[in-house]
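# compute the structure for the input listed below.
(one chain, ligands or ions: 2)
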Amino acid sequence: MSKLKIAVQKSGRLNEESMQILKNIGISIDNGKEQLKASARNFPLEVFYLRNGDIPQYLRDGVVDIAIIGENVLIEKGEDLPIVERLGFSKCKVSIAVPKSSKAKCLRDLEGKRIATSYPNTVNQFLEKNKLTADLHVISGSVEIAPNIGLADAICDIVSSGSTLFKNGLKEIEVLLKSEAVLAVSPKISEENKVLLDTIQFRMRAVLKGQN
Ligand code: PRP
Ligand code: MG
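Numbering: from 1, shown residues only. Ligands and ions are numbered 1, 2, ... in the order given. Below you'll find the predicted structure:
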């Protein structure tokens, strides 16, 4: 019998709530967390614990059938991939921020300036739409430190509680997008596994409805 393959974030903000929603829809997973793959006991489902940024490519290649992933990651790396369900958790923004002392009040004021980010495609799209140019420095984490070490005039990163911005003496000046966890699907999913996906979605909707 065919099994549905789902990708979830290995560790980080989405992991816990992703596992919780699977639990809430009645799926119990044998969790040897050090294993990167686990099977459900009571549903034909295999869980793959992966790095966020790798998930879009796994979906595209059909290595996994579905994924619980931040919409912001899809916008950055997987705009071609269909979203079938919005899951309402892990809400965050992708924003531009500058040092508190900066005079810049919006992205327009950053024309020609240096912006450090882990979201180059998202920033570039926004720049193009507004006919602006900037000098992007792509770094993969701890982006908020960039202005303090003289690497950039501004940053673009995820803002959730706002605490990282605050601690680094930065202020948000523009929100590029709002994001939440979503269920995304591989274009290569088989007809057989689509039926399993329908069951998962049906159960998720019931749970999400109950939460509202
Ligand atoms: C993420 C993100 C922001 C921060 C936002 O970083 O890159 O820096 O969380 O959350 P907050 O608004 O609640 O402070 P994370 O801690 O995951 O580490 P990383 O940047 O090194 O990936
Ligand atoms: Mg960070």
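# what's the neighbour count on L36?
Residues lying near L36 (other Cβ atoms under 10 Å) number 11. C-beta here means a position set from N, CA and C on the backbone, and glycine is covered the same way.
# to clarify, my last question referred to D61.
For D61, using other Cβ under 10 Å, the count is 11.
# from ligand 1, how far off is it?
24 Å (Cβ to the nearest ligand atom, to the nearest Å).
# skipping its backbone neighbours, what lies nearest that residue in space?
K188 (7.4 Å; Cβ to Cβ, 6 or more residues apart in numbering).
# quick check, the one you found in a strand?
No: read with DSSP: H, G, I helix; E, B strand; the rest coil, K188 is coil and lies in no strand.
# now whatever residue of the chain ends up closest to ligand 1: closest residue in space that isn't a chain neighbour?
As assessed by Cβ to the nearest ligand atom, ligand 1 sits closest to G141 within the chain, at 2.9 Å. Excluding its sequence neighbours, the residue lying closest to G141 (Cβ to Cβ, 6+ apart) is S118, at 6.8 Å.
# and that neighbour, what does it touch?
138-141, 143, 157 (Cβ atoms under 8 Å, 6 or more residues apart in numbering).
# before we move on, back to that, tell me the pLDDT at the residue nearest to D61?
On pLDDT, K188 comes in at 98.
# pull up the pairing partners for the longest strand along the chain, direction included.
Longest strand in the chain by number of residues (criterion: DSSP state E): strand 170-179. Looking at strand 170-179 with DSSP bridges, its partner strands are strand 92-99 (antiparallel).
# show residues contacting the strand it pairs with.
13, 70, 72, 75, 104, 107, 110, 115, 119, 122-123, 144, 147-148, 153-160, 165, 169-180.
# pull out the buried residues from those residues.
Buried subset of those (neighbour count, 16 or more other Cβ atoms under 10 Å): 13, 70, 72, 75, 104, 107, 110, 115, 119, 122-123, 144, 147, 153-159, 165, 170-171, 173-174, 176-177, 179.
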